[in-house]
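K.L.:
All I have is the shape, not the residue letters:
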């Protein structure tokens, strides 16, 4: 069960239930009203649109809002309790839950080693090959600069001054005046996040997160002892549900919030200018530090970079609320483990001081390579190549999925590297498991949620080209057929919804 219990109002729940396609039994027969309502709530939980441990409205309130009898609501709640999707306590109400034995994600999103992948199509990691010749050129440029640093001890806990200055200048060029003292170079975005979580939270503190959100960051937070507070995303690729965010920030009072405003991972959503402003204001009012993850920022495929909404930190001129994380891993190459934090000088000093007990610093050669790219313009030229490749791959995998799996549904994101795909009513965990049997590796939806939500989804990155994308889709057809025919022993909590 989630560590924080939120609530959903009767009017909001009724609206969500009415937005669903009506379920049917065999032969197209409609189920009884109570069963349809129970199946609707269950599907909302499994898709993550209602987080686990959300307090449901009282029977009388929901009966009025949904315009059915209270007896129907009572029967639906009892059906949900019997199936393990609802827990109740006299005098305290009822909360959504998951049945015992519900399949939870067990594997990470680490890529398979290339030498051991064989014929497996690995779509577990949203990363592209290096944009040559820029990687090789950057390394040659770094080696030319290296002798200047070889006479020092080589430890730069805050990062090389030249790279801190170059990244600060890029923020300033985006309309956010930034000093080098506001930048710390880290070992990838994960290194930045680990340092920030340790700085801002202690064991048991709450962190509010998008639901769904990036799986590896969620796992990092769990391992640091955080209590995750899921906040459901808005409909489609429209960013955040601000009323829900305001309520969670007010009621849960999390120490930290983590969001991906720019081409969200996994949904690809792009938050609007006004959504960013409103969320920063809400976090400031609640006294919550807000981490804005910009690692997907430069993978904009349908827009010019200058046309994107303003950075989150631009709505926080005092720097009291927003901390920004960036990385070279998605925009350039995952093998170049360079990330950074933009924050107030005071926060940067605290992070640097704590680094003595972590990794001491980031490798100098890789920092010099990124600095060479930024100084010579190679970064921007490489990112243009990256966008062209990602755009072509997006069209290839989307076309293959629409052709081979028309019952699967997704919205085409304007940027980023991932499709968030609804799997036609089947368990994403079972399809992911079966996929490896048929030679394609994808992560299941529950990896990206809290408490096993999003069972009806998988994440599919557009990191492979046309022929490989077509073959991946063909293998997924085999996996989906295998699951539909009951060819795996893993329990399928969605089976009851389509029976």
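P.N.:
Noted; the coordinates are in hand. In this text the structure is predicted, and so the values were computed from the model without any measurement.

K.L.:
quick check: mean pLDDT across stretch 163-172?
P.N.:
For stretch 163-172, mean pLDDT rounds to 98.

K.L.:
Where does the prediction get shaky in this protein?
P.N.:
In the prediction, the chain carries residues with pLDDT under 70 at positions 1-5, 19-29, 47-48, 101-118, 452, 487-499.

K.L.:
and with 80 instead?
P.N.:
Along the chain, the model assigns pLDDT under 80 to residues 1-6, 19-31, 43, 46-49, 100-118, 235-238, 357-358, 451-453, 486-499.

K.L.:
Outline the domain layout of it.
P.N.:
If you go by automatic domain parsing, the domain ranges for the chain are 10-96, 114-126+387-498, 134-376.

K.L.:
Can you add mean neighbour count and give these back as JSON lines?
P.N.:
No exception for glycine: its C-beta is placed from N, CA and C like everyone else's. Listed next are those as JSON lines, based on neighbours: other Cβ atoms under 10 Å:
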{"stretch": "domain 10-96", "mean neighbour count": "17"}
{"stretch": "domain 114-126+387-498", "mean neighbour count": "20"}
{"stretch": "domain 134-376", "mean neighbour count": "19"}
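
K.L.:
got the contact list for residue 432?
P.N.:
Shown in contact with residue 432 (Cβ atoms under 8 Å, 6 or more residues apart in numbering): 441, 442, 443, 444, 458.

K.L.:
Surely the last one touches residue 446?
P.N.:
No. With contact defined as Cβ atoms under 8 Å, residue 458 and residue 446 do not form a contacting pair (10.0 Å).

K.L.:
Quick check: neighbours shared by those two?
P.N.:
Common neighbours of residue 458 and residue 446 (Cβ under 8 Å, 6+ apart) are residue 428.

K.L.:
what ranges do the strands span in the chain?
P.N.:
Taking DSSP state E as the criterion, the chain contains strands spanning 86-89, 93-96, 121-122, 183-186, 206-211, 227-232, 256-259, 289-293, 322-327, 339-342, 418-422, 440-441, 457-461.

K.L.:
helices or strands up against the second one?
P.N.:
For strand 93-96, the packing partners by 3 or more Cβ pairs under 8 Å, 6 or more residues apart in numbering; DSSP states H and E come out as strand 86-89.

K.L.:
In terms of secondary structure, what does the strand it packs on contact?
P.N.:
helix 70-83, strand 93-96.

K.L.:
Would you format the ones you listed as JSON lines with distance to residue 203 included?
P.N.:
Output for the helices and strands packed on strand 86-89, formatted as JSON lines (distance: least, Cβ to Cβ, whole Å):
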{"stretch": "helix 70-83", "distance to residue 203": "33"}
{"stretch": "strand 93-96", "distance to residue 203": "24"}
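
K.L.:
Residue 143: which of those is closest?
P.N.:
strand 93-96 (56.4 Å; Cβ to Cβ).

K.L.:
Please enumerate residues in contact with the closest one?
P.N.:
Strand 93-96 is contacted from outside by 1, 5, 41, 45, 50-56, 58, 77, 81, 85-88, using Cβ under 8 Å, 6+ apart.

K.L.:
Kindly provide the distance from the residue of the chain most remote from its centre to residue 369.
P.N.:
No residue in the chain sits farther from the centre than residue 151, which is 42.0 Å out by Cα atoms, centre = their mean. Residue 151 sits 20 Å away from residue 369, going by Cβ to Cβ, to the nearest Å.
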